[in-house]
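[1] Would you be able to build a 3D model of this:
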Amino acid sequence: MSDEISQRKLEHIRIVLEKPVQYGIKTTGFENYTLNYNCCPDLDFNEVSTEVEFLGKKFSAPIMVDAITGGCKEAEKINKAIAEVCEKFNIGFCLGSQRAMLKNKGLWKTYYVRDVAPNIFIAGNIGITQLKDYSKEEILDALNKIEADALVVHCNAAQEVLQREGTTNFKNSLNNLISFAEDFEMPIIVKEVGSGISKNIAEKLAFTKISALNIAGAGGTSWCKVEIFRNPKLRDTYAEFGLPTAFLLEQIAEVFPKPIIASGGIRNGLQIVKALALGAKLCAFAYPVLRKYYEDDKTGIEELLENIIHETKIGLFLINAKNCKEAKGKIIKLKERN
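    Coordinates of the predicted model:
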């Protein structure tokens, strides 16, 4: 089974890089909002800070590289390269699902990046349906083995139901998650993978032991499309299924008082500042980093992050926000056009 999972990880990477799996018709929705521009900011650009604190760790910018891979030989190389750059920039990094490692403990090295990233925030990762397959002790051991700071639990019903080998029994999964979090020894972040966490689910998690949400809305990589490419028997009916990122963020910020990570099509600093203004604490992305890794290795990732962080600083300056916290609310929703 672990060999099957490892092969699937390789297929996922290949398809994401080679096939048209980005949302095309559906967008993030950020184009429906504009920053409340201040043409005379009472600031020196050089005093603007992009630093934030998230779950007890300081980040130089409100950015985390989101889950990409793990559990296969190629993943070890990818994860170390990305983590090394994240360490250089002091931003967060989320690893891919550790299910393969739980099935085959020998795969732990494909997730281990602390040797190149000793200081940054690192999150481990497991699927919500796997919470019933493994004990808290087994999952905690897997996290401790890679020296993670938190656990991400991904909830991806849309992807799973389209996946050839998908796990489709989600019965009682939300209650299992809430119960699992009660006395777990690490912070838990709940995330989707690109179809979005609804306001209703966010409301149910708001006053539980869940520490943060990664809303992972529609607009970036469609994992529904990825699985459709893997399963030629499927039509493209659900290829762009999901809730747009900006729409979700505005809704979830109303009901979830803990940190929110905006992801799903985040590609530049302007989108990041819009997300901060709508109530996000951090923003996350994976595809642009993976693409740059394959095009230009670590140098490409560094250039990408430098540009995005600089763009974020510009956006803060243009709304008279000397830090990320001051961005909140400095945004205008445009009227919908007929």
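[2] CA atoms for contacts and neighbours, from now on please.
    OK.
[3] now the stretch 151-300 of the chain, which segments are flagged as low pLDDT?
    The model of the stretch 151-300 of the chain has no residue with pLDDT under 70.
[4] Which residue ranges of it form helices?
    157-162, 173-181, 199-205, 223-230, 245-255, 269-277, 287-318 (DSSP state H, counting those that start in this stretch).
[5] The longest one: which residues count as buried?
    Of the residues in helix 287-318, those scored as buried under the neighbour-count criterion (16 or more other Cα atoms under 10 Å) are 287-293, 297-298, 300-302, 304-305, 308-309, 311-318.
[6] which one of the helices of the stretch 151-300 of the chain lies closest to Ser60?
    helix 287-318 (9.0 Å; Cα to Cα).
[7] and the angle for the closest one with helix 269-277?
    Counting by axes from the mean of the first three to the mean of the last three Cα atoms, to 10 degrees, helix 287-318 lies at 70 degrees to helix 269-277.
[8] Numbering from 17 from now on, please.
    Sure thing, new numbering starts at 17, so read that last one as helix 303-334.
[9] on contacts alone, who are the packing partners of helix 303-334?
    Under the contact definition 3 or more Cα pairs under 8 Å, 6 or more residues apart in numbering; DSSP states H and E, helix 303-334 sits against helix 89-105, helix 285-293.
[10] Let's have those in CSV, adding mean neighbour count and distance to Ala174.
    As requested, the helices and strands packed on helix 303-334 are exported to CSV (neighbours: other Cα atoms under 10 Å; distance: least, Cα to Cα, whole Å):
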stretch, mean neighbour count, distance to Ala174
helix 89-105, 20, 24
helix 285-293, 26, 24
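[11] With distance to Thr145 as added columns, please give these in CSV.
    Formatted as CSV, those follow (distance: least, Cα to Cα, whole Å):
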stretch, distance to Thr145
helix 89-105, 23
helix 285-293, 29
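[12] Looking at the ones you listed, which is nearest to Asp199?
    Of all those, helix 89-105 comes closest under Cα to Cα, at 29.0 Å.
[13] Give the rounded mean pLDDT of that closest one.
    Model confidence over helix 89-105, given as mean pLDDT, is 96.
[14] try stretch 19-39
    Mean predicted confidence for stretch 19-39 is 91.
[15] thought Val305 was touching Ile317?
    Yes. With contact defined as Cα atoms under 8 Å, Val305 and Ile317 form a contacting pair (5.8 Å).
[16] Give the residues shared as contacts by those two.
    Ile98 (Cα atoms under 8 Å, 6 or more residues apart in numbering).
[17] Tell me if I am right that Glu342 is in a helix.
    Yes. Counting by DSSP: H, G, I helix; E, B strand; the rest coil, Glu342 falls inside a helix.
[18] For Lys344, see how far away Leu294 is.
    6 Å (Cα to Cα, to the nearest Å).
[19] Those two: who's more crowded?
    Leu294 (27 against 17; other Cα atoms under 10 Å).
[20] so who does the more buried one touch?
    265-266, 269, 344-345, 347 are the contacts of Leu294 under Cα under 8 Å, 6+ apart.
[21] Now rank the residues you listed by neighbours and give me the top one.
    Within the contacts of Leu294, most neighbours by other Cα under 10 Å means Leu265, with 27 neighbours.
[22] In terms of pLDDT, where does the closest residue in space to Glu163 that isn't next to it in sequence sit?
    Closest residue to Glu163 apart from its sequence neighbours, by Cα to Cα, 6 or more residues apart in numbering: Arg130 at 6.9 Å. For Arg130, the pLDDT comes out at 98.
[23] swap in Thr145?
    Reported pLDDT for Thr145: 97.
[24] That one in helix, strand or coil?
    helix.
[25] hang on, isn't it packed against Asn185?
    Yes. Using Cα under 8 Å, Thr145 is in contact with Asn185, at 7.4 Å.
[26] who's more crowded, those two?
    Comparing Thr145 with Asn185 by other Cα under 10 Å, the one with more neighbours is Thr145, at 23 against 11.
[27] OK, contacts around the more buried one?
    183, 185-186, 189.
[28] Give me the nearest residue to Cys340, chain neighbours excluded.
    Per Cα to Cα, 6+ apart, closest to Cys340 is Thr66, 5.9 Å.
[29] wait, the one you found sits on Ile79?
    No. The pair Thr66 / Ile79 is not scored as a contact, 9.6 Å apart, by Cα under 8 Å.
[30] Compare the two (neighbour count), which wins?
    Set Thr66 next to Ile79 and count neighbours by other Cα under 10 Å: Ile79 wins out with 29 against 21.
[31] sorry, back to before: tabulate the contacts of Leu294 in a markdown table, adding columns for distance to Ala164.
    Shown next, in a markdown table, are the contacts of Leu294 (distance: Cα to Cα, whole Å):
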| residue | distance to Ala164 |
| --- | --- |
| Leu265 | 27 |
| Glu266 | 30 |
| Ala269 | 27 |
| Lys344 | 30 |
| Gly345 | 33 |
| Ile347 | 35 |
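[32] of the residues you listed, closest to Asn106?
    Closest approach between these and Asn106, by Cα to Cα: Lys344, at 22.8 Å.
[33] right, and that closest one touches Ile288 too?
    No. The pair Lys344 / Ile288 is not scored as a contact, 11.6 Å apart, by Cα under 8 Å.
[34] Need the contact partners of stretch 91-102.
    So stretch 91-102 is contacted by 81, 85-86, 108-109, 111, 125-129, 132-133, 136, 305, 309, 313-314, 317-318 (Cα under 8 Å, 6+ apart).
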